[in-house]
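1. Any chance you could fold what I've pasted below:
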Amino acid sequence: MIKISLKNFFKNLIYLLIPMGIIYLVLLLVVFGFISSTFANAKEMLTSLGELINTSAANSEQSVKEFFTYSVNQIEWNGNFFDTLKSIISTHWLQNTVIGFLETLNVTTEGFAQECTAILEAFKSRLIADISFAVACLVLGVIASNYAVRFVLRRKTAKRTFKKAVIATAILPLAHTVFVILTFAVTTYLKYYSLIVLFVIAAVSGLVSLTVSWLVHRDKSLKLSEVANPKNVLLHTASTAIIILINVVIAAVLLYINKLLAVLIILPTIVYSLNVIVLNTDSYVISLVTQLQQPDEEIKKAA
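-> So this is what the prediction gives:
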């Protein structure tokens, strides 16, 4: 089981390019679209604010002039030239000037603060919507890459008929969902015993996967006990742990080199690895069936 699992993992590494290509393409499109939309929204916001400020300043011309006169007088013009220049470009003076200017408009123009807040809130809402849409597109990209690499790997290692696909599709997704929920619950509420319970969950998950693979790929000569037994469950759990460990090592090395590089590589690697893990039990059962059929084929050839 371990040998078959590792062979599947390393033999099919070329197909890691499938989730990489899909995820990177979606990421590129999402980033480009998000930047374009954000710039457009920011331009619209600044235009609206500019129009509001121009209109308010025109309506409060005298108050604005008095404020800027006061602000300019805060600078020591008779001192050293460089000290004067430093005072003008200092963050403190510029910040106070901008805040004071906006407060002057707020006091002298009715509804200025409300309109300004409405413009900023509209930009914030559009930004949140863009972020949500970008995240949704990335999730869909990862899901698409998952099914694409699974389709290719299955054709390469574990083909199945439509009827067998229906059987597996009816059982495995439900089982995996239950195991994910149990894993989350265990790590959240059973902190001290989580490792033991997680091992039990992994073992049960392996037993279900082996049983489903037997149902899908068995022939009359292969008994369920030859597939779904404690030894194979343990070997399946061990092979899964080894593949997970490989991913952890890759992630650790990449994180040490560069965090962005780590995210870009480890995400498609995880997608690929999970699909290899899912197909390992199918591949194992197919290998058993092939071994059982070889003597019959040899007898036919001899005859």
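
2. pLDDT below threshold where in the stretch 51-200 of the chain?
-> For the stretch 51-200 of the chain, the stretches flagged by pLDDT under 70 are 77, 79-82, 88, 90-91, 93, 158-180, 182-184, 186-198.

3. show me where it has helices.
-> Secondary structure of the stretch 51-200 of the chain (DSSP state H, counting those that start in this stretch): helices at 61-72, 81-89, 91-108, 112-157, 162-189, 194-217.

4. tell me the angle of the longest one relative to helix 91-108?
-> What that stands for is helix 112-157. Angle of helix 112-157 versus helix 91-108, following axes from the mean of the first three to the mean of the last three Cα atoms, to 10 degrees, is 120 degrees.

5. chain center to helix 112-157: distance?
-> 10 Å (Cα atoms, centre = their mean, to the nearest Å).

6. Same question for the last one.
-> How far helix 194-217 lies from its chain's middle: 26 Å, per Cα atoms, centre = their mean.

7. rewinding a little: now render the helices of the stretch 51-200 of the chain as JSON lines, adding mean neighbour count and distance to Ala42.
-> For the C-beta atoms, the positions are set from N, CA and C on the backbone; glycine is no exception. Listed next are the helices of the stretch 51-200 of the chain as JSON lines, based on neighbours: other Cβ atoms under 10 Å; distance: least, Cβ to Cβ, whole Å:
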{"stretch": "helix 61-72", "mean neighbour count": "13", "distance to Ala42": "25"}
{"stretch": "helix 81-89", "mean neighbour count": "11", "distance to Ala42": "25"}
{"stretch": "helix 91-108", "mean neighbour count": "14", "distance to Ala42": "18"}
{"stretch": "helix 112-157", "mean neighbour count": "15", "distance to Ala42": "7"}
{"stretch": "helix 162-189", "mean neighbour count": "13", "distance to Ala42": "38"}
{"stretch": "helix 194-217", "mean neighbour count": "19", "distance to Ala42": "46"}
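
8. For those, could you give me CSV that also reports distance to Ile246?
-> What follows is these, written out as CSV (distance: least, Cβ to Cβ, whole Å):
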stretch, distance to Ile246
helix 61-72, 63
helix 81-89, 55
helix 91-108, 50
helix 112-157, 17
helix 162-189, 20
helix 194-217, 16
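
9. Nearest residue to the middle of the protein?
-> The centre of the chain sits closest to Val139, judged by Cα atoms, centre = their mean, with a distance of 6.0 Å.

10. Look up how far Leu234 lies from that one.
-> Separation of Val139 from Leu234 (Cβ to Cβ, to the nearest Å): 34 Å.

11. From Leu153, how far off is the residue in the chain sticking out farthest from the centre?
-> Distance from the C-alpha centroid of the chain, by Cα atoms, centre = their mean, peaks at Asn78 (59.3 Å). Distance of Asn78 to Leu153, given as Cβ to Cβ: 79 Å.

12. how much space between the closest residue to Leu52 other than its chain neighbours and Leu140?
-> Leaving out its chain neighbours, the residue that sits closest to Leu52 by Cβ to Cβ, 6 or more residues apart in numbering is Glu115, at 5.6 Å. Applying Cβ to Cβ, the value for Glu115 to Leu140 is 38 Å.

13. again, but for Ala40
-> 23 Å.

14. now do Lys65
-> As judged by Cβ to Cβ, Lys65 and Leu140 stand 56 Å apart.

15. just Ser71 next, same as before
-> Using Cβ to Cβ, Ser71 is found at 52 Å from Leu140.

16. Next: Ile119.
-> Ile119 is 32 Å from Leu140, by Cβ to Cβ.

17. And the pLDDT at Val233?
-> Val233 carries a pLDDT value of 86.

18. wait, what's in contact with it?
-> Applying Cβ atoms under 8 Å, 6 or more residues apart in numbering to Val233 gives the contacts 203, 206-207, 210.

19. okay, the residues you listed in TSV with pLDDT and distance to Ile23 next?
-> TSV is the format used below for the contacts of Val233 (pLDDT from 0 to 100; distance: Cβ to Cβ, whole Å):
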residue	pLDDT	distance to Ile23
Ala203	75	31
Gly206	78	28
Leu207	78	32
Leu210	82	30
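
20. ok, these vs Leu292, which is closest?
-> Of all the contacts of Val233, Leu292 sits closest to Leu210, with 16.4 Å by Cβ to Cβ.

21. If we ignore the residues flanking it in sequence, what's nearest that closest one?
-> Using Cβ to Cβ, 6+ apart, the closest residue to Leu210 is Ala228 (4.4 Å).

22. Also Asn247?
-> Closest to Asn247 by Cβ to Cβ, 6+ apart is Ser273, at 5.5 Å.

23. next one: Val64
-> In space, and not counting its chain neighbours, Val64 is closest to Ala57: 5.2 Å by Cβ to Cβ, 6+ apart.
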